[in-house]
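K.L.:
requesting a structural model of the entry that follows:
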Amino acid sequence: MIALVVGVAALVATALAGCDMPEEGRYSTIRYTAGQITSTLDLVYGSAVDHQGTTVDLKLDVYLPPDDGVGPLPTVVLVHGGGFANGDKSSMASAAMSYARRGFVAVSLGYRLDPGASTNQLRYLAAAQNAIDDGMESVRWLRANAATYRIDTERIAMLGSSAGGAIALGVGIADDPTPGGPLAAYSHSIAAAVSTGAHLTPGVDLGVVTFEPTDAPALMFHYETDSTTGATAEYAYRTCQGLIDVGVTCEFVLNEGTGHTVSLSANSTNWTDHIGDFLWTKMRLFTAAGS
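P.N.:
Numbers count the residues shown, from 1 in each chain. Predicted structure coming up:
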């Protein structure tokens, strides 16, 4: 497994040669103070029926850099974890701010939760499907409101931790479970997905997740053994292999030992070692940074 991952990493490194994120500059390093970032919280991006049969509002937070004549701006959507049962979008506020200070529009996403999601597999899968559906709807909403928030509709990426990572991968790979609705005219496609402590392998085994050449490229962080789910890296890697088999880039970063998630913040070493170069290439930031 380790040899396989190293081999994939080497191929990815070769593909990225010449397109590495610069050490300094827009989208790479901090350009704005925290005080220059405008945060707009609890924006309603849709509504959906929750696990109790109640229609609830779906909300997100937007962190917007100052308007200094540059735009539209690449956008990152940060998704919290919690096993589809708990958690809150506010937990991704710091990470979102780290991207906004570099010039991205940053979004922290809320989605439907089911506190009983862990009670059985069917309920867990239903909660996961609802959450992925909400993630897709959020991307449609961002495109519909792109002019208001200076969003570059061709440069939207989703990054998630734990359950949030499964949402990011699901938005990038899965079919829309509920096509239609008021935002059906807008695509839910994303330019890139980044996950930590997550994969879609159970859905692959059940045949509800399939792979297409049009799927979003992915960057996956996973420990050799996940301390929360018990999943091995070999098991999680099957999601990555599914993308590779249809010609889509998937970079799998193997974290040694036992653990669950790593930081997705642009202030972390994962930004300079992996995430920055991946987004720089897959979001084609090199064509936007000089604008």
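
K.L.:
where do the strands sit along the stretch 1-150 of the chain?
P.N.:
Here the stretch 1-150 of the chain has its strands, by DSSP state E, counting those that start in this stretch, at 38-49, 55-64, 73-79, 105-109.

K.L.:
so what's residue 162 up against?
P.N.:
Listed by C-beta atoms under 8 Å, 6 or more residues apart in numbering, the contact set of residue 162 reads 81, 82, 83, 196, 197, 198, 228, 260, 261. Using the backbone N, CA and C atoms, a C-beta is placed for each residue, glycine as well.

K.L.:
run a quick neighbour tally on the nearest residue to the fifth one once chain neighbours are set aside.
P.N.:
Read that as residue 197. The spatial neighbour of residue 197 that comes closest, neighbours along the chain excluded (C-beta to C-beta, 6 or more residues apart in numbering), is residue 261 at 3.9 Å. By other C-beta atoms under 10 Å, the residues close to residue 261 number 22.

K.L.:
and residue 287, its phi and psi?
P.N.:
The phi/psi pair for residue 287 (degrees, to the nearest 10) reads phi -90, psi -10.

K.L.:
can you list contacts of stretch 229-242?
P.N.:
Residues outside stretch 229-242 that contact it (C-beta under 8 Å, 6+ apart) are 1, 4-5, 8, 169, 173, 197-201, 204, 209, 211, 218, 220, 222-226, 250-252, 254, 260.

K.L.:
mind doing that once more with 7 Å?
P.N.:
1, 169, 199-201, 204, 211, 218, 220, 222-225, 250, 252, 254 (C-beta atoms under 7 Å, 6 or more residues apart in numbering).

K.L.:
can you show me the helices along the stretch 151-291 of the chain?
P.N.:
Defined through DSSP state H, counting those that start in this stretch, the helices belonging to the stretch 151-291 of the chain, from first to last, are 163-173, 201-206, 233-245, 269-270, 276-282.

K.L.:
most packed of the ones you listed?
P.N.:
Scoring the helices of the stretch 151-291 of the chain by mean neighbour count under mean count of other C-beta atoms under 10 Å gives helix 163-173 as the most buried, with a mean of 29.

K.L.:
so what touches that helix?
P.N.:
Looking at what lies outside helix 163-173 - C-beta under 7 Å, 6+ apart - the contacts are 79-84, 111, 128, 131-132, 135-136, 139, 158-160, 188, 190, 193-198, 200, 209, 211, 215-216, 218, 239.

K.L.:
same thing with stretch 138-154?
P.N.:
In this structure, residues lying in contact with stretch 138-154 by C-beta under 7 Å, 6+ apart are 45-46, 60, 62, 64, 67, 71-75, 77, 105, 107, 109, 156, 171, 183, 186-188, 190-191, 288.

K.L.:
got the buried residues for that stretch?
P.N.:
138, 139, 140, 141, 142, 143, 144, 146, 149, 151, 152, 153 (16 or more other C-beta atoms under 10 Å).

K.L.:
end to end, how far does that stretch reach?
P.N.:
Between the opening and closing residues of stretch 138-154 lies a distance of 15 Å (C-alpha to C-alpha, to the nearest Å).

K.L.:
just the CA trace of stretch 227-244, in CSV.
P.N.:
This file holds the C-alpha atoms of stretch 227-244, laid out as CSV (Å, rounded to 0.1, in the frame of the first residue of the first chain):
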residue,chain,number,x,y,z
SER,A,227,-8.8,6.0,15.0
THR,A,228,-12.5,6.9,14.7
THR,A,229,-13.8,4.7,12.0
GLY,A,230,-11.3,1.8,12.1
ALA,A,231,-10.9,2.0,8.3
THR,A,232,-7.5,1.2,6.9
ALA,A,233,-5.7,3.3,4.3
GLU,A,234,-6.1,0.4,1.9
TYR,A,235,-9.9,0.5,2.3
ALA,A,236,-10.1,4.3,1.9
TYR,A,237,-7.7,4.2,-1.1
ARG,A,238,-10.3,2.3,-3.1
THR,A,239,-12.2,5.6,-3.5
CYS,A,240,-9.0,7.2,-4.9
GLN,A,241,-8.4,4.2,-7.2
GLY,A,242,-11.9,4.6,-8.6
LEU,A,243,-11.1,8.1,-9.7
ILE,A,244,-7.8,7.1,-11.2
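
K.L.:
residue numbering should commence at 55 henceforth.
P.N.:
Okay, using 55 as the starting number, the last item reads as stretch 281-298.
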